[in-house]
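Asks: what follows is a predicted protein model with its sequence.
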2 protein chains.
Amino acid sequence: MSNALVRDGVESTIAPVRVCASLEDALDGVDYVQESAPERLEIKRDLYRRIDTLAARDVVLASSTSGLPASSFTDHLANRARCLVVHPINPPHLIPLVELVPAPWTDDGVVERAAALMVRAGQAPIRLSREINGFVVNRLQGALLGEAFRLVEDGVCSVADIDRAIADGLGLRWFFMGPFETIDLNAQHGIAEYCRNLGPMYYGLAKEQADAREWGPDLVAEVERQCRQVTAAENLPARRAWRDRCLAALADVKQRVLGAQSSTV
Amino acid sequence: MSNALVRDGVESTIAPVRVCASLEDALDGVDYVQESAPERLEIKRDLYRRIDTLAARDVVLASSTSGLPASSFTDHLANRARCLVVHPINPPHLIPLVELVPAPWTDDGVVERAAALMVRAGQAPIRLSREINGFVVNRLQGALLGEAFRLVEDGVCSVADIDRAIADGLGLRWFFMGPFETIDLNAQHGIAEYCRNLGPMYYGLAKEQADAREWGPDLVAEVERQCRQVTAAENLPARRAWRDRCLAALADVKQRVLGAQSSTV
């Protein structure tokens, strides 16, 4: 990308942003609030109390929180049925996914409106039926990371080989299909046949993986040592910029590749 | 791809293949054997006994098995130190990863030679230090699938939403980085900081995920029902062909995107 293009991209992104000095000013005439305050319960509880009083009654109040359920900071509000979590994934301008997590009192129509807005903004919303620790993305990531750390701790293979197992293996299909469709296409008659054939093998592995382990200091030090061989500490910012350039280029390419292929199915 | 290109690709792939009527003929003058016999222990044990006698002493004997450790079918051989598992991922012409798994008696030099050959053939080998159920790829896949089935069984979200959580979320970074580098770049000072901040959260989730569950008939029927809404049974072969076309196009594009980006880091 040329500097002019980067500058135009930044300018067109920043153009609609308005910084407000007061909550009253920020909430004036809005349809939707995406709250991204610090992850501290007392800050959010106080902030929502004020927002709930100031914002027009039909304004959707969505939180970016990755760790707190909406029920923990909206239970005291007069209009709490319009509150939910809309959790983006970092970096949100490059990762389409957002998780919509209702509190027990969130109105279904509010979830619908938040989902529709996210689609219009080019994001890919998924809906959880209820609050659950870690939501869906971090639970899936945690399950895989738990096994990855276990394999390194048990001396089965290196950090780099596990990254390769995903980036040159499982990740190629997960990039455009996800785990269920991947196995659905891996048996002649679909996923039920796959489960019949391989379910017992996976159940055996699950029993071996059922020892929840903390990532202790020695293990973390060893993983850190191996990671620093891939990217030295002083090169982390440059590597993050490389990641974001790759994500941007791949997002663009993915649309074109899948678009071209799906038309010929 | 035009039909001519497809035909040329098929012809250039098939050209070096020679079908032999006898094991003696197949083993004559070879340096390396990739055995892909049925996954039945008695078949492999008998086959390896015959191969070990017929093949020149320095020929590497590699098995494609995904489920049997090499120790279970090579213990009785005179030259068992030249045997190992070299496990490809389906479809192997589109997924570079191969898992190299030595038996306790496999010679290190044999693993080296198999790894070097795989690299020359355009594959991406990883090395396990020892035999372990499921090797690495199916253990990582199983950990994530276990949580995916659990979320559906517990009514948290749909099959399609879990596929979206990966294909529009986690899978975008795993396509080119893998799980360790992903979190290494997600904290300012790298993976040790990430583990300090989020390790306790993941340990909490791991304890919730420690109930190994069988994929029971009702759960499998429900997952199957949802998968058939994405792809009807009669369209599975066409969808598999679509998957392979996407994988081929993305493999090509990935090389170019990462190549272009890495030169500017």
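Replies: Thanks, I have it.
Asks: the residue lying closest to residue A:33 once chain neighbours are set aside pairs with what?
Replies: Closest residue to residue A:33 apart from its sequence neighbours, by C-beta to C-beta, 6 or more residues apart in numbering or on different chains: residue A:61 at 5.0 Å. (Each C-beta comes from the backbone N, C-alpha and C, glycine too.) Beta bridges link residue A:61 to residue A:33, residue A:83, judged by DSSP bridges.
Asks: hmm, residue A:61 is touching residue A:83, no?
Replies: Yes. Taking C-beta atoms under 8 Å as the definition, residue A:61 is a contact partner of residue A:83 at 4.7 Å.
Asks: and whichever helix or strand residue A:150 is part of, what does it pack against?
Replies: Using DSSP states H and E, residue A:150 sits within helix A:137-153. When contacts are defined as 3 or more C-beta pairs under 8 Å, 6 or more residues apart in numbering or on different chains; DSSP states H and E, helix A:137-153 sits against helix A:159-165, helix A:217-230, helix B:137-153, helix B:159-165, helix B:178-184, helix B:191-208.
Asks: nearest to residue A:33, of these?
Replies: Counting by C-beta to C-beta, residue A:33 lies closest to helix B:159-165 out of the helices and strands packed on helix A:137-153; the figure is 24.0 Å.
Asks: beyond the closest one, next helix or strand please.
Replies: Counting by DSSP H and E, the element after helix B:159-165 in chain order, helix or strand, is helix B:171-174.
Asks: check what pLDDT the closest residue to chain B within the stretch 1-150 of chain A gets.
Replies: Closest approach between the stretch 1-150 of chain A and chain B, counting by C-beta to the nearest C-beta: residue A:97, at 3.4 Å. We have a pLDDT of 98 for residue A:97.
Asks: how about residue A:252?
Replies: Taking residue A:252 on its own, its pLDDT is 87.
Asks: now residue A:104, nearest residue through space, not along the chain?
Replies: residue A:71 (6.1 Å).
Asks: residues contacting that neighbour?
Replies: A:103-105, A:131 (C-beta atoms under 8 Å, 6 or more residues apart in numbering or on different chains).
Asks: and the helices in the stretch 1-150 of chain A?
Replies: With helices called from DSSP state H, counting those that start in this stretch, the stretch 1-150 of chain A shows them at A:3-14, A:23-27, A:41-54, A:71-74, A:108-120, A:137-153.
Asks: now these as a markdown table including mean pLDDT?
Replies: Formatted as a markdown table, these follow (pLDDT from 0 to 100):
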| stretch | mean pLDDT |
| --- | --- |
| helix A:3-14 | 66 |
| helix A:23-27 | 96 |
| helix A:41-54 | 98 |
| helix A:71-74 | 98 |
| helix A:108-120 | 98 |
| helix A:137-153 | 98 |
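Asks: hey, which of the ones you listed is tucked in deepest?
Replies: helix A:137-153 (a mean of 23; mean count of other C-beta atoms under 10 Å in any protein chain shown).
Asks: tell me how far that helix lies from the chain's centre.
Replies: Offset of helix A:137-153 from its chain centre (C-alpha atoms, centre = their mean, to the nearest Å): 16 Å.
Asks: and residue A:185, what are its phi and psi?
Replies: Backbone torsions of residue A:185, given as degrees, to the nearest 10, read phi -90, psi 0.
Asks: next, count neighbours for it.
Replies: 24 (other C-beta atoms under 10 Å in any protein chain shown).
Asks: and the closest residue to it other than its chain neighbours, which of the three is it?
Replies: Nearest residue to residue A:185 in three dimensions, chain neighbours excluded: residue B:240, at 5.1 Å (C-beta to C-beta, 6+ apart). Using DSSP: H, G, I helix; E, B strand; the rest coil, the secondary structure recorded for residue B:240 is helix.
Asks: how far away is the closest residue to residue A:135 other than its chain neighbours from residue A:90?
Replies: In space, and not counting its chain neighbours, residue A:135 is closest to residue A:99: 4.7 Å by C-beta to C-beta, 6+ apart. To residue A:90, residue A:99 is 13 Å away according to C-beta to C-beta, to the nearest Å.
Asks: those two: which has the busier surroundings?
Replies: In terms of neighbours (other C-beta under 10 Å), residue A:99 is the more surrounded of residue A:99 and residue A:90; the figures are 22 against 11.
Asks: for the more buried one, give me its contacts.
Replies: Going by C-beta under 8 Å, 6+ apart, residue A:99 touches A:85-87, A:125-126, A:128, A:135-137, B:165.
Asks: and what of residue A:179?
Replies: B:141, B:144-145, B:148, B:162-163, B:166.
Asks: go again using 7 Å as the cut-off
Replies: By C-beta atoms under 7 Å, 6 or more residues apart in numbering or on different chains, the residues touching residue A:179 are B:144-145, B:148, B:162-163, B:166.
Asks: out of those, which is nearest to residue A:202?
Replies: The nearest one, if we look at these relative to residue A:202 and count by C-beta to C-beta, is residue B:145, at 6.4 Å.
Asks: wait, the closest one sits on residue A:202?
Replies: Yes. Assessed by C-beta atoms under 7 Å, residue B:145 is found in contact with residue A:202 at 6.4 Å.
Asks: which residues touch residue A:244?
Replies: Residue A:244 sits next to A:91, A:94 when contact means C-beta under 7 Å, 6+ apart.
Asks: doesn't it lie inside a strand?
Replies: No. According to three-state DSSP, residue A:244 belongs to no strand; its state is helix.
Asks: give me the contact list for stretch A:226-243.
Replies: Residues outside stretch A:226-243 that contact it (C-beta under 7 Å, 6+ apart) are A:158-160, B:177, B:180-181, B:184-185, B:190-191, B:261-262, B:265.
Asks: least confident pick among those residues?
Replies: Ranked by pLDDT, these bottom out at residue B:265, which has 46.
Asks: nearest spatial neighbour of residue A:136, chain-adjacent residues omitted?
Replies: Nearest to residue A:136 is residue B:165, by C-beta to C-beta, 6+ apart, at 5.1 Å.
Asks: ok, that neighbour touching residue A:126?
Replies: Yes. Checked against C-beta under 7 Å, the pair residue B:165 and residue A:126 is within contact range at 5.7 Å.
Asks: what sits in contact with each of those two?
Replies: Both residue B:165 and residue A:126 are contacted by A:97, A:136, under the criterion C-beta under 7 Å, 6+ apart.
Asks: can you pull the contacts of residue A:105?
Replies: A:80-81.
Asks: residues near the residue nearest to residue A:33, how many?
Replies: Residue A:61 has 26 nearby residues by other C-beta under 10 Å.
Asks: residues contacting the residue nearest the centre of chain A?
Replies: Among the residues of chain A, residue A:89 comes closest to the average C-alpha position under C-alpha atoms, centre = their mean, at 3.4 Å. The contact partners of residue A:89, taken as C-beta under 7 Å, 6+ apart, are A:95, A:97, A:137, B:169.
Asks: surely the first one meets residue B:169?
Replies: By that I understand residue A:95. Yes. Using C-beta under 7 Å, residue A:95 is in contact with residue B:169, at 5.9 Å.
Asks: who's more crowded, these two?
Replies: Neighbour count, other C-beta under 10 Å: between residue A:95 and residue B:169, residue B:169 has more, with 25 against 21.
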